[in-house]
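**Student:** return atomic coordinates for the entry below.
(one chain, ligands or ions: 1)
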Amino acid sequence: MTQASFPARRMRRLRAHDALRGLVAEHHLKAQDLIYPIFVLPGTNQAEAVPSMPGVMRRSVDLWLPEIEKLLALGIRVFAPFPVTPAELKSECAREAYNPEGLVQTAIRQIKLRFNEAVIMSDVALDPFTSHGQDGLVDASGYVVNDATVEVLQQQALSHAEAGADMVAPSDMMDGRIGAIRQSLEQNGHVNTCIMAYSAKYASAYYGPFRDAVGSAGNIKGGNKKAYQMDPANSDEAIHEITLDIAEGADMVMVKPGMPYLDIVRRCKQELQVPTFAYQVSGEYAMHQAAFANGWLNREAVILESLLAFKRAGADGILTYFAPEAANLLQS
Ligand code: PBG
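**Tutor:** Coordinates of the predicted model:
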């Protein structure tokens, strides 16, 4: 009698039906993992599409409030406002960045007043406020100067905390800014304001649609941010940056962009075991939307798969323009 041959190990047993697949699933995506970036227009009753980000709307705060109410009901609890600053408020020295009555500061106050349970993560960087579109102050040669920029960032972060931001998120990549911001928060009694440090932020070409959305694309012209954002060639350097930011007082760190940098997310979580977040940026969103619009990819399945990939890589949460749609899909 010949012995029947069979595979020594049948991996497919645990994939045979849905309940078994659910039982052995290693990672899960939940609405509470998602952070939603929102573009804020000045004025009231204003709403505008972003052509390079189909489905994304810029809205004045009054029109964001009912949206936020719906999103809270879907389980999204963290919102990241980005201002669409009118050109006449942009300057060389970015003074609008720390105006207590500025667009972001007002948005924070209004959202927190209405929904105290919402968490506001405010972006700290000067690019929405500079006439040249760089994230910091520039010298005569156009070089972004570090220490003078950090002083403005401290004022900006403090103005956000004073308006009620739960979390400030420096995305500028200046050296020493986390320590400086932590110090001014502490000195002014904001001991529980979290710092989400964009520690590993790359000089990426995936940010284009965002610059359209906040209206800074035209300002930066042909320029780039390579003298402060990280070189996409580097990985050890990201671990170095993250280690420094944690030592300076960051509570959480961010890797950005997202999907092309999942190796960095993985290394961060594995080597440092700190709260790790990733930003599925505007260019990633636009690529997905383009494929959906052409019928090349299955919209719902790909949105959820793309976000689950971040969790598998080690992210605790994801900033994504798909947050509302993903939260809807997770409910069904
Ligand atoms: C700037 C900032 C950028 C993004 C968030 N904050 C763009 C940049 O560095 O030029 C990009 C986000 C996205 O592309 O979705 N401080």
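
**Student:** ok, now which ones touch the residue nearest to Arg95 when sequence neighbours are not counted?
**Tutor:** Nearest-residue entry for Arg95: Phe129, 7.5 Å, with adjacent residues in sequence omitted and distances by Cβ to Cβ, 6 or more residues apart in numbering. For every residue, glycine as well, the C-beta is placed using N, CA and C. Neighbouring residues of Phe129 by Cβ atoms under 8 Å, 6 or more residues apart in numbering: Thr85, Leu89, Lys90, Ser91, Ala94, Arg95, Glu96, Ala97.

**Student:** phi, psi for the fourth one please.
**Tutor:** Taking degrees, to the nearest 10, you get phi -150, psi 170 for the backbone angles of Ser91.

**Student:** can you turn the buried part of the contacts of Phe129 into a PyMOL selection?
**Tutor:** Here is the PyMOL selection string for the buried members of the contacts of Phe129, based on 16 or more other Cβ atoms under 10 Å:
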select buried, resi 85+89+90+94+96+97
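
**Student:** could the contacts of Phe129 be laid out in JSON lines, adding distance to Asn188 and secondary structure?
**Tutor:** Output for the contacts of Phe129, formatted as JSON lines (distance: Cβ to Cβ, whole Å; DSSP: H, G, I helix; E, B strand; the rest coil):
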{"residue": "Thr85", "distance to Asn188": "25", "secondary structure": "coil"}
{"residue": "Leu89", "distance to Asn188": "25", "secondary structure": "helix"}
{"residue": "Lys90", "distance to Asn188": "27", "secondary structure": "coil"}
{"residue": "Ser91", "distance to Asn188": "25", "secondary structure": "strand"}
{"residue": "Ala94", "distance to Asn188": "20", "secondary structure": "coil"}
{"residue": "Arg95", "distance to Asn188": "19", "secondary structure": "helix"}
{"residue": "Glu96", "distance to Asn188": "21", "secondary structure": "helix"}
{"residue": "Ala97", "distance to Asn188": "17", "secondary structure": "helix"}
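
**Student:** could you dump the contacts of Phe129 to JSON lines with pLDDT and distance to the ligand?
**Tutor:** Output for the contacts of Phe129, formatted as JSON lines (pLDDT from 0 to 100; distance: Cβ to the nearest ligand atom, whole Å):
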{"residue": "Thr85", "pLDDT": "96", "distance to the ligand": "12"}
{"residue": "Leu89", "pLDDT": "97", "distance to the ligand": "17"}
{"residue": "Lys90", "pLDDT": "96", "distance to the ligand": "14"}
{"residue": "Ser91", "pLDDT": "96", "distance to the ligand": "17"}
{"residue": "Ala94", "pLDDT": "97", "distance to the ligand": "12"}
{"residue": "Arg95", "pLDDT": "97", "distance to the ligand": "17"}
{"residue": "Glu96", "pLDDT": "98", "distance to the ligand": "15"}
{"residue": "Ala97", "pLDDT": "98", "distance to the ligand": "11"}
